[in-house]
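# Return a 3D structure for these sequence lines:
(one chain, ligands or ions: 1)
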Amino acid sequence: MTPMRLILLGPPGAGKGTQARFLEQRYAARQISTGDLLREQRARKTPLGQQAQAYMDRGALVPDELIIAMMEGELSTTGAFLLDGFPRTVPQAQALDVLLTKLGRPLVAALLFDADRRVLLERLSGRWSNPRTGRTYHERFNPPRVASVDDDDGGPLVQRTDDTPEIVTERLATYAALTAPLVEYYRQAGVLERVDAARPPAEVSQAIVGVLERRAAVVR
Ligand code: AP5
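Numbering: from 1, shown residues only. Prediction:
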């Protein structure tokens, strides 16, 4: 099987993390979520975590040089990957191109998760997650068996501090200004695939598998 090397591109709440969990199992590829890595650094109070905190708390992006250095380390040791939340700016995408060329590992696809603002707001306002494992739930669409408790490990579920309406508004504006240009970037590179992310999770998964089967056949 062609090793999966994917970018999951799309606005906050589109379901990138949710689908990454499914794709990890299906394709034996590692999810690399820059958001999860940064939250882990914050929890451990590392210098990177402390630098990132102020940006994340206001819905802004962490500076490119910090993210690129972090991702170079992660990618050099990973053959099959799902990039969740990276790249998020044109300079990050250019740095990724350089790195993948050096490693001889071309992308299979950049999947664009397409959903409108109303759907995104509804999803983010009802999201609960396990800070230890990153697994997410939704109080309406995918509730845990017991409220606020993870089905897997029984750990507490929390709401992210950047999921408040004010910060979500900032995150969506940041996405539109800095990340949306990557749609054209990857379209021109010939790897963009659009997925209707407003459908239920299992239908989104199925649509992605269809796209990937077609793409993997053309990438060697
Ligand atoms: P990050 O953690 O990457 O957040 P994000 O991109 O805003 O994405 P989310 O995790 O909010 O959404 P998602 O698409 O994964 O949705 P999910 O699957 O959880 O980044 C956080 C911050 O870190 C940034 O603001 C920035 O400061 C910093 N950062 C990160 N990367 C950076 C970078 N590269 N450069 C600079 N700074 C960076 O789903 C959402 C909810 O909907 C869940 O409750 C889920 O259960 C539910 N759901 C999912 N799919 C469906 C469905 N199909 N139907 C119904 N409900 C669904």
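
# ok, whatever residue of the chain ends up closest to the ligand - how many residues close by?
Nearest residue of the chain to the ligand (CB to the nearest ligand atom) works out as Gly35 at 1.9 Å. Just so you know, the C-beta spots here come from the backbone N, C-alpha and C atoms, and that holds for glycine as well. When counting by other CB atoms under 10 Å, one arrives at 20 neighbours for Gly35.

# Now it: phi and psi?
Backbone torsions of Gly35, given as degrees, to the nearest 10, read phi -60, psi -50.

# ok, it touching Asp84?
Yes. Distance between Gly35 and Asp84: 7.4 Å, which falls inside the contact criterion (CB atoms under 8 Å).

# any common contacting residues for the two?
Taking CB atoms under 8 Å, 6 or more residues apart in numbering as the contact definition, Gly35 and Asp84 share the neighbouring residues Gly17.

# Find the nearest non-adjacent residue to the residue of the chain closest to the ligand, please.
For Gly35, ignoring the flanking residues on the chain, the nearest one in space by CB to CB, 6 or more residues apart in numbering is Gly85 at 4.8 Å.

# which ones are touching Tyr55?
Residues touching Tyr55, when contacts are defined by CB under 8 Å, 6+ apart, comprise Leu61, Val62, Pro63.

# Surely it is within a helix?
Yes. Membership of Tyr55 in a helix is supported by DSSP: H, G, I helix; E, B strand; the rest coil.

# Roughly how far does it sit from Arg5?
Using CB to CB, to the nearest Å, Tyr55 is found at 27 Å from Arg5.

# Could you pull up the residues touching the residue nearest the centre of the chain?
Centroid-nearest residue in the chain, with CA atoms, centre = their mean: Asp84, separated by 2.4 Å. Asp84 sits next to Leu8, Lys16, Gly17, Ala20, Gln31, Ile32, Ser33, Thr34, Gly35, Asp36 when contact means CB under 8 Å, 6+ apart.

# ok, now Leu48?
By CB under 8 Å, 6+ apart, the contact set of Leu48 is Leu38, Gln41, Leu66, Met70.

# thought the last one was touching Glu40?
No. Under the criterion of CB under 8 Å, Met70 makes no contact with Glu40, lying 10.8 Å away.

# out of the two, which sits in the busier spot?
Comparing Met70 with Glu40 by other CB under 10 Å, the one with more neighbours is Met70, at 19 against 16.

# In three-state terms, label the more buried one for me.
Met70 is classified as helix under three-state DSSP.

# Spatially, what comes nearest to it if we skip its sequence neighbours?
With CB to CB, 6+ apart as the measure, Leu37 is the residue that lies nearest to Met70, at 6.4 Å, once sequence neighbours are left out.
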